[in-house]
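Asks: return a 3D structure for these sequence lines:
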Amino acid sequence: MLPNSTPFFLLASPEPALLAAIEPQLAADGARVEIFLSAETALPALTAANAPTLALIDVNLTGMEPSMSIGQLLAAARAEAAGRRFPIVLISDTVTPEWIDRLAEEAIDDLVPCSIEPAFLRLRLEAVLRNYRRSRELELLREAAALNAQMDRLTGVYNRETMLSILFRETDRVQRMKSSLCVILFDIDDFGHWNLRLGPDACDELLCHVVARTSRLLRSYDLLGRASSDEFLMALPGCTSINAVMMAERLRMDVFSAPFRINGDAIRLSACFGVASSLGRSPVVVLREAEQALLVAKATGPESIQCAGDFPEPHAAPVAFLSPTSGDELLAW
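Replies: The predicted structure follows:
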């Protein structure tokens with residue numbers, strides 16, 4: 001029996017004798033078989049949302065006006081069905097260099113002769129489907145491994161390295177489109193105190209709750225990452241400094257004003273926020289400004305919000321001296 005309980009096979013050939021010989025083999029286990037007599041009629045089925053389990057295509061399949069070759073059909077199917085790949089088996093009595101190249105490029109998965117015995121055909125198709133499933137499993141594992149390397153294992157948001165990489169990409173967009181981009185760096189106040197009082201497991205849970213509440217405030221294209229143990233970084237495309245400060249206010253109210261429930265205890269957290277605007281500059285520079293703004297906010301006190309560029313200008317300390325006439329102590333800069 002061919003893999004998959006309800007497979008859907010696409011069979012494309014202009015030869016009635018070939019169709020009559022192969023179709024019963026494909027439908028023997030209750031599979032659905034759809035037959036197409038030309039390249040143009042087969043193409044929509046090859047690129048449809050419900051892609052076939054496997055496609056068998058006769059190399060003698062001809063196109064209507066304007067004609068479409070098998071090579072063009074394969075290229076169009078692969079291009080339009082990106083992300084929905086399925087195995088393709090060609091039916092041909094001649095093994096040409098072109099088909100060997102297609103096999104090497106994985107544009108096709110197997111090549112079988114027209115006169116192949118039914119039992120042998122079934123074995124070949126089973127092998128193709130089995131190899132395809134294994135290949136897909138490996139591909140999914142690679143994708144999962146790549147994604148895991150980008151994410152913070154505890155909270156599920158991006159890690160610092162990935163956020164910095166994404167910020168470089170977003171900065172390119174800002175430069176091209178002359179748009180705005182702001183970042184918010186926020187740090188939970190005195191989190192070390194809670195770590196000592198509640199223990200690391202409870203504090204890990206607290207961080208996950210903070211991320212969950214924060215994520216509910218984000219737009220689909222906003223970005224959130226964990227910058228350090230209790231510090232988080234947000235990137236807000238299209239936001240000005242005023243918008244970003246307003247978002248920081250929302251975070252302060254919607255994320256941190258309500259207590260968190262941990263092991264039956266109600267925990268009230270607070271955070272400080274540093275805001276910086278990209279202005280198309282290097283993300284390294286922008287992050288440095290956000291870090292400086294955060295330091296000023298933390299020095300100001302819990303729940304403070306500081307925007308880079310709003311720092312008071314440094315002034316020289318006044319110098320005391322005695323007036324030569326009155327003897328009074330005067331101050332001057």
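Asks: skipping its backbone neighbours, what lies nearest residue 155 in space?
Replies: Nearest residue to residue 155 in three dimensions, chain neighbours excluded: residue 211, at 4.4 Å (Cβ to Cβ, 6 or more residues apart in numbering). For every residue, glycine as well, the C-beta is placed using N, CA and C.
Asks: part of a helix, is the one you found?
Replies: Yes - under DSSP: H, G, I helix; E, B strand; the rest coil, residue 211 falls within a helix.
Asks: now do it, the pLDDT please.
Replies: Listed pLDDT for residue 211 reads 96.
Asks: spit out the contact partners of it.
Replies: Residues near residue 211 by Cβ atoms under 8 Å, 6 or more residues apart in numbering: 155-157, 224, 226, 232.
Asks: looking at these, which are in strands?
Replies: Counting by DSSP state E, these place 224, 226, 232 in strands.
Asks: which of those count as buried?
Replies: Buried members of the ones in strands among the contacts of residue 211, counted by 16 or more other Cβ atoms under 10 Å: 224, 226, 232.
Asks: pLDDT weak spots in the protein?
Replies: Across the chain, the ranges flagged by pLDDT under 70 are 1-5, 63-68, 79-84, 143-148, 310-333.
Asks: hmm, try it at 90
Replies: Scanning the chain for pLDDT under 90 picks out the ranges 1-34, 36-151, 153, 192-193, 229, 262-265, 309-333.
Asks: not counting sequence-adjacent ones, nearest residue to residue 249?
Replies: Distances taken as Cβ to Cβ, 6+ apart place residue 305 nearest to residue 249, at 6.8 Å, with adjacent residues excluded.
Asks: can you check residue 114 too?
Replies: residue 93 (5.2 Å).
Asks: could you do residue 300 as well?
Replies: The shortest distance from residue 300 to any non-neighbouring residue, by Cβ to Cβ, 6+ apart, is to residue 306 (6.9 Å).
Asks: ok, now residue 118?
Replies: Nearest residue to residue 118 in three dimensions, chain neighbours excluded: residue 25, at 4.9 Å (Cβ to Cβ, 6+ apart).
Asks: helix or strand for residue 99, just tell me which one.
Replies: Secondary structure assignment for residue 99, by DSSP states H and E: helix 97-104.
Asks: tell me the buried residues in that helix?
Replies: For helix 97-104, the buried set under the neighbour-count rule, 16+ other Cβ under 10 Å, comprises 99, 102.
Asks: mind listing residues that contact the next helix or strand after it?
Replies: The helix or strand immediately downstream of helix 97-104 is strand 110-112, counting by DSSP H and E. By Cβ under 8 Å, 6+ apart, the residues outside strand 110-112 that reach it are 87, 89-92, 95, 99, 103, 121, 124, 127-128.
Asks: stretch 149-163 now?
Replies: 166, 204, 207-208, 211, 215, 223-228, 232-233, 235.
Asks: next: stretch 200-208.
Replies: So stretch 200-208 is contacted by 154-156, 191, 194-195, 198, 226, 230, 260, 262-263, 267, 269 (Cβ under 8 Å, 6+ apart).
Asks: run the chain-centre distance for it.
Replies: On the basis of Cα atoms, centre = their mean, to the nearest Å, stretch 200-208 is displaced by 25 Å from the centre of the chain it belongs to.
Asks: ok, and for that stretch, which residues are buried?
Replies: Across stretch 200-208, burial judged by 16+ other Cβ under 10 Å covers 202-203, 205-207.
Asks: please name the residues that touch the residue nearest to residue 249.
Replies: Residues in contact with residue 305 (Cβ under 8 Å, 6+ apart) are 245, 248-249, 252, 272-273, 275, 297.
Asks: domain map for the chain?
Replies: Per the record, the chain has its domains at 8-148, 158-307, by automatic domain parsing.
Asks: which elements pack onto the one helix or strand residue 185 maps to?
Replies: For residue 185, the element it lies in under DSSP H and E is strand 181-188. Here strand 181-188 touches helix 160-177, strand 231-237, helix 241-250, strand 271-277, helix 283-300, going by 3 or more Cβ pairs under 8 Å, 6 or more residues apart in numbering; DSSP states H and E.
Asks: quick one, which of those is packed in tightest?
Replies: Greatest average neighbour count among these goes to strand 271-277 (a mean of 27), per mean count of other Cβ atoms under 10 Å.
Asks: adjacent strands (with direction) for that strand?
Replies: Taking DSSP bridges as the criterion, strand 271-277 forms sheet pairs with strand 181-188 (antiparallel), strand 305-307 (parallel).
Asks: which helix or strand lies directly C-terminal to the first one?
Replies: Scanning forward in sequence from strand 181-188, with DSSP H and E defining helices and strands, the next element found is helix 191-198.
Asks: what residues sit buried inside that following helix?
Replies: Going by neighbour count (16+ other Cβ under 10 Å), the buried part of helix 191-198 is 191, 194-195, 198.
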